[in-house]
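Trainee: The sequence and its predicted three-dimensional model are supplied below.
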Amino acid sequence: MSNPLPPKSKSRLPERSFLFEKIVPASLIVLGIVTAVLIVFAFGVLIGLIRF
Amino acid sequence: MSVNRMLPFLSTAIMLGFTLYVLQRYVVRRAPHFLFWGIGLAFFGAGSFAEAYLALAWNRWVFFAWYLFGAALNAAWIGHGSLLLLVRKRWVHVVTALLVIGSLLATYLMLQVMPRLDESVFTTTRAISEQYGTKVLDAGEAAPAGAETISTTYRGEQVTAVRGLLPLGSAVRLTTPFFNIYGLLTLVGGAIYSAYLFWRKRVLPNRVIGNILIAAGALLIGTASTLTRLGYGQFLYLGELLSAVLMFIGFRVAARPQPEEVPQAVPVAGD
């Protein structure tokens, strides 16, 4: 009888990857900040603080 | 034709392919998020085409399409598709109804303003994004070079404004922040949230990367549109093209099927 090892999945993030350990989280933070800035700007237009 | 004027044609071509790809998936899977994505992307493409057309000639109904579909509605409809994908609650149907009603209202308001367009302002020497709206000048603010100004009364005050196609105080312009905010929250927020979820769970790297590309593409057009409102419309064409490319690539990457997990067997002593 053979014991199967844990599945070797290609759908998991690679171990010790610079892309997924550093670039991806930094990108998510930057994207979140830019999103917040744009939403604040849009609200500014909506309430008349920013004229167009 | 300058390079800048060719960009909307390229955006239109990319969005046409992207739209057909997504709508084909709706035909096969019948999932509502594909339908809303497809409609939103069609709006984006219609806006790009209208931009390309208006760089060459004037047509009031092409301008109608540019503003309504390109400036107002497309982000909200694409974003709503993302909401339908991520949230399986009944209240989403209420939001769907609000989106449809809001879109019909915006359409009505746009139709209302069409007889009052200041068509004599239009010129093919400037991008449509730089001449679509009449803008009040602040005290001491100078008008852009070559722009025509008018003195008029607005909200009870005598003001000087740069002439644009849409008259001052057009109600339809008040609807665009609502659609854009909703689109930002759902499309960009949804993509960032999805990317974060998969990253945190350490699974499906294609969906992490794909959603980041989608969010980046959507933010790019959001930023370009914001700069347009601030008077820097020269970035809109390039922003649209890069946005279309990023979102299409992101969608394809995220939708890529993953190889199945393959268990490995090792012989145990005694076999």
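Mentor: Received, thanks.
Trainee: Mind exporting the C-alpha coordinates of stretch B:161-181 to PDB?
Mentor: Below are the C-alpha coordinates for stretch B:161-181, written out as PDB (Å, rounded to 0.1, in the frame of the first residue of the first chain):
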ATOM      1  CA  ALA B 161     -16.900  80.800 -17.400                       C
ATOM      2  CA  VAL B 162     -15.000  78.900 -20.100                       C
ATOM      3  CA  ARG B 163     -17.500  77.900 -22.700                       C
ATOM      4  CA  GLY B 164     -18.100  74.200 -23.200                       C
ATOM      5  CA  LEU B 165     -20.600  72.000 -25.000                       C
ATOM      6  CA  LEU B 166     -22.700  71.200 -21.900                       C
ATOM      7  CA  PRO B 167     -24.300  74.300 -20.400                       C
ATOM      8  CA  LEU B 168     -23.500  75.500 -16.900                       C
ATOM      9  CA  GLY B 169     -25.400  73.600 -14.200                       C
ATOM     10  CA  SER B 170     -26.400  70.700 -16.400                       C
ATOM     11  CA  ALA B 171     -28.100  68.200 -14.100                       C
ATOM     12  CA  VAL B 172     -26.700  65.200 -15.900                       C
ATOM     13  CA  ARG B 173     -23.200  66.200 -14.700                       C
ATOM     14  CA  LEU B 174     -24.300  65.900 -11.100                       C
ATOM     15  CA  THR B 175     -25.000  62.200 -11.700                       C
ATOM     16  CA  THR B 176     -21.600  61.200 -12.800                       C
ATOM     17  CA  PRO B 177     -19.900  61.400  -9.300                       C
ATOM     18  CA  PHE B 178     -22.500  58.900  -8.100                       C
ATOM     19  CA  PHE B 179     -21.800  56.400 -10.800                       C
ATOM     20  CA  ASN B 180     -18.100  56.900 -10.600                       C
ATOM     21  CA  ILE B 181     -18.000  56.500  -6.900                       C
END
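Trainee: near chain A, anything from it?
Mentor: Yes: counting by Cβ under 8 Å from any Cβ of the partner chain, contacts between stretch B:161-181 and chain A involve B:173, B:174, B:177, B:178, B:180, B:181. In this view, the C-beta of every residue, glycine as well, is placed from N, C-alpha and C.
Trainee: Check the fourth one and give its pLDDT.
Mentor: Just to be clear, that refers to residue B:178. According to the prediction, residue B:178 has pLDDT 91.
Trainee: Which element is encountered next along the chain beyond the helix or strand encompassing it?
Mentor: Assigned by DSSP states H and E, residue B:178 belongs to helix B:171-183. Following helix B:171-183 in sequence order, the next helix or strand is helix B:189-201 (DSSP H and E).
Trainee: ok, and for that following helix, which residues are buried?
Mentor: Under the neighbour-count criterion of 16 or more other Cβ atoms under 10 Å in any protein chain shown, helix B:189-201 has B:189, B:190, B:191, B:192, B:193, B:194, B:195, B:196, B:198, B:199 buried.
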